[in-house]
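Novice: Just the structure for this:
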Amino acid sequence: MRIWHLVIPLVLLSCNQFKNRQDKNFDSPKGYDLREPVRYYVRQSMQEISGILLAPDEQHILAINDEQGRVFSIDVNANKPYPSWKFDKSGDYEDIATDGKDVMVLKSNGHLYHVLNLFSDSTDAESYKFREPGKREFESLYFDSTRNSMILVCKACEEDKGQRRTTAYSFNMATWEFSDTPAYQINIEEIEKITGDKIAQFKPSAALIHPIEKRLYILAAVNRLLVITDLNGKVLEAYNLRHTIFRQPEGISFAPNGDMYISNESADEAQANILKFKYHH
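Specialist: Sure, this is the predicted structure:
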């Protein structure tokens with residue numbers, strides 16, 4: 001009988017957790033249907049894909065993994081090895097971004113790498129150390145033309161601990177320097193009001209400004225959320241992401257027409273992939 005006293009509560013807890021998952025609302029942002037992606041599976045070298053950038057020809061996707069200091073070029077329509085260019089030694093690289101001229105890579109500690117001579121045998125990089133002391137982890141980097149700056153969004157920063165916020169910092173592309181103060185802060189309670197769920201910490205894994213809407217799309221793999229804000233971090237919308245589609249969303253990119261690409265790292269024995277969502281005006 002004592003065994004049943006243990007088993008029954010566990011069964012009820014499991015049922016409640018399943019019901020909570022079933023009760024979640026999985027809507028899509030206007031213009032997209034997050035239920036119907038085109039799936040592109042990637043090769044073994046990209047199972048730890050951590051950041052993506054659609055190339056200007058819109059036929060190739062530039063990507064990094066979180067183990068090697070290399071930029072890879074992925075042709076999703078061709079089953080062949082990906083050419084790559086080494087810019088620095090191995091490390092925990094999390095995102096890749098461009099201002100249309102320069103390509104920047106983000107390391108998890110906030111250091112930025114300006115990739116030089118990409119697509120050549122002399123590819124190299126200049127590094128810029130995050131200036132503020134303290135323990136921080138970053139996974140998101142994007143360019144904001146209104147600030148002429150690269151924006152780094154904290155995944156876990158000590159200044160946010162217990163503060164119900166997520167902080168973003170900027171790196172000015174004219175002066176090549178980090179800002180002394182945060183660019184903005186995202187209020188976690190604003191996300192909770194929309195989703196109805198309690199969020200201990202909001203942990204962005206990728207972010208990019210929509211080319212048509214001019215709003216910021218933020219992925220959070222840990223929270224399994226897509227959050228849309230204005231360019232100052234004011235939360236506008238939030239969407240739950242289905243685990244069966246978004247196993248571990250770590251990268252985001254847009255085509256000029258609004259088509260959205262999201263990359264998933266390998267997770268739960270599922271192969272890494274890149275998802276394409278058509279944009280309908």
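
Novice: Dump the C-alpha coordinates for stretch 240-253 into CSV.
Specialist: What follows is stretch 240-253, C-alpha atoms only, in CSV (Å, rounded to 0.1, in the frame of the first residue of the first chain):
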residue,chain,number,x,y,z
ASN,A,240,5.0,29.5,-27.1
LEU,A,241,7.1,27.3,-29.4
ARG,A,242,6.2,23.6,-30.0
HIS,A,243,8.9,21.3,-28.8
THR,A,244,8.3,18.9,-31.7
ILE,A,245,9.3,21.7,-34.1
PHE,A,246,11.7,23.8,-32.1
ARG,A,247,13.9,21.3,-30.4
GLN,A,248,16.6,23.8,-29.5
PRO,A,249,16.3,27.1,-31.5
GLU,A,250,19.6,28.9,-31.4
GLY,A,251,19.8,31.0,-34.6
ILE,A,252,17.5,33.3,-36.5
SER,A,253,17.8,35.2,-39.9
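
Novice: List the buried residues of it.
Specialist: Going by neighbour count (16 or more other CB atoms under 10 Å), the buried part of stretch 240-253 is 240, 241, 245, 246, 247, 248, 249, 250, 251, 252, 253. In short, each C-beta sits where N, CA and C put it, glycine included.

Novice: for that stretch, the distance to its chain's centre please.
Specialist: 9 Å (CA atoms, centre = their mean, to the nearest Å).

Novice: now it: mean pLDDT?
Specialist: Stretch 240-253 shows a mean pLDDT of 96.

Novice: what about the helices in the stretch 1-150 of the chain?
Specialist: 2-23 (DSSP state H, counting those that start in this stretch).

Novice: Confidence-wise, which helix or strand of the protein is lowest on average?
Specialist: The least trusted helix or strand in the chain, going by mean pLDDT, DSSP states H and E, turns out to be helix 2-23, with a mean of 48.

Novice: which residues of the protein score low on pLDDT?
Specialist: Residue ranges of the chain with pLDDT under 70: 1-23.

Novice: how about 80 then?
Specialist: Applying pLDDT under 80 to the chain flags residues 1-23, 132-133, 269.

Novice: and the gap between residue 227 and residue 255?
Specialist: Applying CB to CB, to the nearest Å, the value for residue 227 to residue 255 is 21 Å.

Novice: quick one: which of the two has more around it?
Specialist: residue 227 (25 against 14; other CB atoms under 10 Å).

Novice: May I ask you to confirm that that one is in contact with residue 235?
Specialist: Yes. If you go by CB atoms under 8 Å, residue 227 and residue 235 touch, sitting 6.3 Å apart.

Novice: Run through the residues that contact residue 103.
Specialist: Residues counted as contacts of residue 103 (CB atoms under 8 Å, 6 or more residues apart in numbering) are 53, 62, 71, 96, 97, 114, 115, 118.

Novice: By neighbour count, which of those wins?
Specialist: Neighbour max across the contacts of residue 103 (other CB under 10 Å) = residue 71, 26 neighbours.
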